[in-house]
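Colleague: Got a predicted structure here, sequence first:
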Amino acid sequence: MNDFKKYLAEGIGTMFLVLLACGSAVLAGPSIGGYGIGVCFGLVLICLCYCIGNISGCHVNPAVSFAMWVSGKMNLKDMLCYWAFQLVGAAVGAGFLFWFVNMSPEYTFGGITGANNLATNVLQPGATSGMALLAEILLTFFFVFIILGATDDKVGFGKFAGLAIGIALGLVNIVGIPVDNCSVNPARSFGPALWSPGAFGDFWIMVVGPLAGALIAAVAWKAVKPYLAK
């Protein structure tokens, strides 16, 4: 039962991450811009960290769960279950957003790239696949590296960890949105793409990039942790 509770918490958390953070781009993108959308992503994650952090760790991101597994902080079964609930949660959150958007065909929404109007992760004008892949690897590296450091018991950030994690997500979004709307989270990419299939052409970047970045972050943290932990 306790395992199911943490899996469910991951599903609900990922649903709200997609619904609210992607929703900020869809509903208010033209008025708040990339900076405002990045701030919204960060604020949503901070809220979730302090809500479900003590239940599931608040990964709400398959790349984060992957890094925790590589680091030996969770077992394979938990990682796979986290992935499943994160993907379902993202699909539900994007479904609510899709439903909301289609309630009024006359409403002008933001977050649109071509026919994709759910803040999907697609290449922005002028960006190449190579640029997006490199951006996803590097930004996820930074984001997951911050998570591993902020949540490490021996480092001792304690209750302030959620702030560092949320700020990190906001920062990478501000940098990455002009490239591919910034993923660093395969679930965040999967949910909107499911309801806007035209986005699946670039979806592989949003899987390979974040998982590679998470792996590098786990290795890098393992390399520096003994020095920082003294």
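Modeller: Cool, the structure landed.

Colleague: So for the residue most central in space within the chain, what's the nearest residue that isn't a sequence neighbour?
Modeller: Geometric centre of the chain, nearest residue: Asn185, 3.7 Å, by C-alpha atoms, centre = their mean. Excluding its sequence neighbours, the residue lying closest to Asn185 (C-beta to C-beta, 6 or more residues apart in numbering) is Asn61, at 4.2 Å. C-beta here means a position set from N, CA and C on the backbone, and glycine is covered the same way.

Colleague: buried ones in the one helix or strand Met15 maps to?
Modeller: Here Met15 is covered by helix 2-16, with elements defined by DSSP states H and E. Counting neighbours by 16 or more other C-beta atoms under 10 Å, one finds that the buried residues in helix 2-16 are Lys6, Tyr7, Ala9, Glu10, Gly11, Ile12, Gly13, Thr14, Met15, Phe16.

Colleague: Please compute how far the lengthiest helix in the chain lies from its chain's middle.
Modeller: Counting by DSSP state H, the longest helix found in the chain is helix 23-56. When distances are taken as C-alpha atoms, centre = their mean, to the nearest Å, helix 23-56 is centred 10 Å away from the chain's centroid.

Colleague: got the angle between that helix and helix 2-16?
Modeller: Compare the direction of helix 23-56 with that of helix 2-16 by axes from the mean of the first three to the mean of the last three C-alpha atoms, to 10 degrees and you get 170 degrees.

Colleague: count of residues packed around Gln124?
Modeller: Look at Gln124: counted by other C-beta atoms under 10 Å, it has 15 neighbours.

Colleague: On the three-state scheme, it is what?
Modeller: coil (DSSP: H, G, I helix; E, B strand; the rest coil).

Colleague: you'd agree it is up against Asn181?
Modeller: Yes. Between Gln124 and Asn181 there is a contact under C-beta atoms under 8 Å: 7.0 Å.

Colleague: low-confidence ranges in this protein?
Modeller: 1, 106-117, 156, 226-230 (pLDDT under 70).

Colleague: Kindly recompute the last result at 50.
Modeller: 111-114, 229-230 (pLDDT under 50).

Colleague: so what's the residue nearest to the centre of the chain up against?
Modeller: For Asn185, the contact set (C-beta atoms under 8 Å, 6 or more residues apart in numbering) comprises Leu17, Val60, Asn61, Pro62, Ala63, Val64, Met206, Pro210.

Colleague: mind listing which of the residues you listed are in helices?
Modeller: Filtering those for helices - DSSP H - leaves Pro62, Ala63, Val64, Met206, Pro210.

Colleague: which of the residues you listed lies closest to Glu136?
Modeller: Pro210 (5.7 Å; C-beta to C-beta).
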